[in-house]
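>>> Okay, predicted coordinates and the sequence, questions at the end:
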Amino acid sequence: MKTYLVTGAAGFIGANYVKYILAKYSDVKVVILDALTYAGNLGTIAKDIDNERCFFIKGDICNRDVVDGLFAEYRFDYVVNFAAESHVDRSIENPQLFLITNILGTQNLLDCARRAWVMGKDEQGYPTWRRGVRYHQVSTDEVYGSLGAEGYFTETTPLCPHSPYSASKTSADMFVMAYRDTYKMPVTITRCSNNYGPYHFPEKLIPLIIKNILEGKRLPVYGDGSNVRDWLYVEDHCKAIDLVVREGKEGEVYNVGGHNEKTNLEIVKLTIATIHRLMADNSEYRKILKKKVKDANGEISIDWINEDLITFVKDRLGHDQRYAIDPTKITNALGWRPETKFEVGIVKTIEWYLENQAWVEEVTSGDYQGYYEKMYGK
Ligand code: NAD
Ligand code: TYD
């Protein structure tokens, strides 16, 4: 039996990861710690919380008493830290929140784990550790900064963050490595490219575009849409994290990416075309459209779902031009490869959103005001 503390699992990737490990292993216990910020939603994991194999605690990773209390109650083998403020645009507006959650929160988790897991000291005074324990930090390719037209990020690419978000994630990574080097703490880090898939909060590019199309709103593309991201289906990321937590070498960093570079404009055009095709093939999907336009026969029209919806808007400040990951290390060391082709993953993702409109309503209801609404109005 392995016991996990998984933080931030009411959010996009953490929730997918918990679902993945609960389905894969019968002998695991998972304790989720999540502060339920705007990005965390209990509904996303409600069915997984059975209080036998999966438990939920609402709390802040920065709170020492809360985290210490969990270490006192459970004998954790693994800590997997997803909890973070994750939206670059929000980090431009409120950098300090990113510093608090992403840096101080990570350091608090590391320290609580350190104190709970230390067994004694070796001859040189370094701590000795409970057998088999592991702290895993879920990091991002954004710590490497931005690429030009050529080349890839490898694990030895110098860290060169530009946004407050990536600066905070870089600092967190540095703390993880400092705990490795100073205390010989058993840690690993994965740095992944942009994820997409179910439960992605609908203010990030792909789910925002899907939501806006269904609502008949404009599709905001920052700058000229030429920025490149390397998209990976979320389940492939979860598989990589599972491999690294269980089989990765202590102290190592692994880059995770799909070799699937696309410009933002390509992503938006592909999403428009895919939704149009799915709607054309399935009349039930057409009923989901909130913008109701009838054709000459009185049927729901989808003619307006086209590239004219695209609106080029003011560019993001300090917008990184291109991210692209070289995943050779994790492929050679652990046999990981992206399994979901983008053409398949994007259809699965769009179908998931079409079939889970109640989830979209739930996570964007109440006080929530999305970036799109704030910037461009309803
Ligand atoms: P998300 O914003 O969807 O979810 C973040 C979760 O963390 C939410 O459930 C939120 O409630 C929780 N949280 C925030 N502050 C907290 C705090 N102080 N204490 C406890 N919980 C808190 O994020 P995501 O997209 O799922 O990203 C998860 C992790 O993966 C992040 O660390 C992010 O930096 C990293 N990452 C994301 C991507 C991506 O494409 N989304 C790519 C690479 C790495
Ligand atoms: P995002 O999903 O915020 O992820 P990240 O900034 O972490 O890469 O954005 C992905 C890309 O899409 C990024 O280059 C910014 C761009 N973008 C838009 O053009 N329009 C939008 O409305 C959003 C949210 C993002």
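Received it, and whenever you're ready, just let me know what you need. Ligands and ions are numbered 1, 2, ... in the order given.

>>> which helix is the longest one in this structure?
Looking across the chain with DSSP state H, the single longest helix is helix 164-183.

>>> Which strands and helices lie in contact with that helix?
For helix 164-183, the elements it packs on are helix 88-93, helix 95-98, helix 105-117, strand 134-140, strand 187-192, judged by 3 or more CB pairs under 8 Å, 6 or more residues apart in numbering; DSSP states H and E. No exception for glycine: its C-beta is placed from N, CA and C like everyone else's.

>>> Give me the distance from the first one to the chain's centre.
To tie it back to what came earlier, the one meant is helix 88-93. Distance of helix 88-93 from the chain centroid (CA atoms, centre = their mean, to the nearest Å) equals 16 Å.

>>> Same question for the fourth one.
Put simply, strand 134-140 sits 12 Å off its chain's centre (CA atoms, centre = their mean).

>>> picking up where we left off before, quick check: angle from the longest helix of the chain to helix 105-117?
In terms of direction (axes from the mean of the first three to the mean of the last three CA atoms, to 10 degrees), helix 164-183 departs from helix 105-117 by 20 degrees.

>>> Find the closest residue to ligand 1 in the stretch 251-378 of the chain.
Residue of the stretch 251-378 of the chain nearest ligand 1, by CB to the nearest ligand atom: Val256 (8.2 Å).

>>> So which of the helices and strands packed on helix 164-183 is nearest ligand 2?
helix 88-93 (4.0 Å).

>>> Just the CA atoms of that closest one, as PDB, please.
Coordinates of each C-alpha in helix 88-93 appear next as PDB, following Å, rounded to 0.1, in the frame of the first residue of the first chain:
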ATOM      1  CA  VAL A  88       0.300  33.700 -16.600                       C
ATOM      2  CA  ASP A  89      -2.200  36.500 -17.300                       C
ATOM      3  CA  ARG A  90      -3.300  36.500 -13.600                       C
ATOM      4  CA  SER A  91       0.400  36.600 -12.600                       C
ATOM      5  CA  ILE A  92       0.900  39.800 -14.600                       C
ATOM      6  CA  GLU A  93      -1.900  41.400 -12.600                       C
END
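
>>> Tell me if it is near ligand 2.
Yes: on the criterion CB under 6 Å from any ligand atom, helix 88-93 is in touch with ligand 2 at Val88.

>>> And for that helix, what's in contact with it?
Applying CB atoms under 8 Å, 6 or more residues apart in numbering, the contact partners of helix 88-93 are 85, 97-98, 142, 163-166, 168, 203, 316-318, 371.
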